[in-house]
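> Provide a 3D model corresponding to the input given below.
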Amino acid sequence: MSPVPWLPGPGPPQEEVRKMSFATVWRSPWKPFRFKVLAPAYRASAGRPRVLDMGCGNDAPATTKLWWPRCEYSGLDRGFEGYSARDLSALDHAYVVDCGIQPLAVLPDASFDIIIVSHILEHLTNGLEVLQELSGKLAPGGHMYIEFPSVRSLGLPSMRGCLNFCDDATHVRVYGLREVANALLERGLRIVRAGVRRDLAPILSLPAWLAWQRLRGRPILGCYFWDLTGFASYLLARRRD
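Numbers count the residues shown, from 1 in each chain. So this is what the prediction gives:
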């Protein structure tokens, strides 16, 4: 099936936005790390920043609209059948593409102010090629944020919710910061920041969060320990003007 854009129509009314926001914060009280790293890029974008989110599951559309309410949000995934009504209503545009086997020609060139590739690479054997193709979709001066399991994750304990790279059977390749940076440098992008994801807020509040989860009868998941253990690497790149 060839990739096609899908336009879900007008955004949700304000009452629905408030419901989305409450539900999203209830699931996680921390501002996601990617929004902190990308904050200067978002503030510098005039009008409605055009955001493309690769593999935008796990409440990403509603979460993005919560923290960046003025953005024009586009999601890209292999399909949207399993998405909640809340997330579907937060999408301004959606693209159905299996980037593991299909090109990204359906995406307009030089159009997006921000591209987010968060925990997608590890599911692809051709991740570097996808990043290089995505670099051409950035508008001049646009930013790309990439996050993926670090090599260190191979040695972390196994845990429900993924703390060891191999906990997720759909993980097919371990990427390193150097090879990801080099792939973008080859396309003329500038590396702004790169390193191990360490978000102080989740680390400091972790004991209270774990106690709260226990009180609610919820399982303790490996993803709660990502910042503490250095599970993920991240990189922020910018297309030159």
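
> tell me where this protein has strands.
4-6, 50-54, 72-77, 93-96, 112-118, 138-149, 190-196, 232-238 (DSSP state E).

> I'd like those strands as JSON lines, with mean neighbour count and distance to Tyr83 appended.
C-beta here means a position set from N, CA and C on the backbone, and glycine is covered the same way. Shown next, in JSON lines, are these (neighbours: other Cβ atoms under 10 Å; distance: least, Cβ to Cβ, whole Å):
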{"stretch": "strand 4-6", "mean neighbour count": "12", "distance to Tyr83": "11"}
{"stretch": "strand 50-54", "mean neighbour count": "25", "distance to Tyr83": "12"}
{"stretch": "strand 72-77", "mean neighbour count": "23", "distance to Tyr83": "8"}
{"stretch": "strand 93-96", "mean neighbour count": "19", "distance to Tyr83": "9"}
{"stretch": "strand 112-118", "mean neighbour count": "24", "distance to Tyr83": "16"}
{"stretch": "strand 138-149", "mean neighbour count": "22", "distance to Tyr83": "21"}
{"stretch": "strand 190-196", "mean neighbour count": "13", "distance to Tyr83": "30"}
{"stretch": "strand 232-238", "mean neighbour count": "21", "distance to Tyr83": "24"}
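
> now render these as TSV, adding distance to Leu128 and mean pLDDT.
Formatted as TSV, the strands of the chain follow (distance: least, Cβ to Cβ, whole Å; pLDDT from 0 to 100):
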stretch	distance to Leu128	mean pLDDT
strand 4-6	25	45
strand 50-54	14	97
strand 72-77	17	96
strand 93-96	21	94
strand 112-118	11	98
strand 138-149	11	98
strand 190-196	15	98
strand 232-238	12	98
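
> can you say which of those strands is nearest to Gly217?
With Cβ to Cβ as the measure, strand 232-238 is the member of these nearest Gly217 (27.6 Å).

> which residues touch stretch 171-178?
121-125, 127-128, 148-151, 153-154, 165, 194-195, 233, 235 (Cβ atoms under 8 Å, 6 or more residues apart in numbering).

> returning to what we had before: make CSV from the strands of the chain and add distance to Phe35 to it.
Formatted as CSV, the strands of the chain follow (distance: least, Cβ to Cβ, whole Å):
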stretch, distance to Phe35
strand 4-6, 25
strand 50-54, 11
strand 72-77, 13
strand 93-96, 20
strand 112-118, 9
strand 138-149, 9
strand 190-196, 14
strand 232-238, 12
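
> now the residue lying closest to Trp209 once chain neighbours are set aside: how far from Ala46?
Excluding the flanking residues, the one nearest Trp209 by Cβ to Cβ, 6 or more residues apart in numbering is Tyr224, at 6.6 Å. Distance, Tyr224 to Ala46, by Cβ to Cβ, to the nearest Å: 37 Å.

> those two: which has the busier surroundings?
More crowded of Tyr224 and Ala46, by other Cβ atoms under 10 Å: Tyr224, with 17 against 6.

> got a list of what the more buried one touches?
161, 202, 206, 209-210, 213.

> try Gly161
Taking Cβ under 8 Å, 6+ apart as the test, what Gly161 contacts is 167, 219-224.

> try it again with 6 Å
221-223 (Cβ atoms under 6 Å, 6 or more residues apart in numbering).

> just want the most central residue of the chain.
Ser118 (3.1 Å; Cα atoms, centre = their mean).

> so what's the nearest residue to it once chain neighbours are set aside bridging to?
Residue nearest to Ser118 in three dimensions, not counting chain neighbours: Glu147, with 4.6 Å by Cβ to Cβ, 6+ apart. On the basis of DSSP bridges, Glu147 is bridged to Ser118, Tyr234.

> for Glu147, give me its contacts.
With Cβ under 6 Å, 6+ apart, Glu147 has these contacts: 118, 232, 234.
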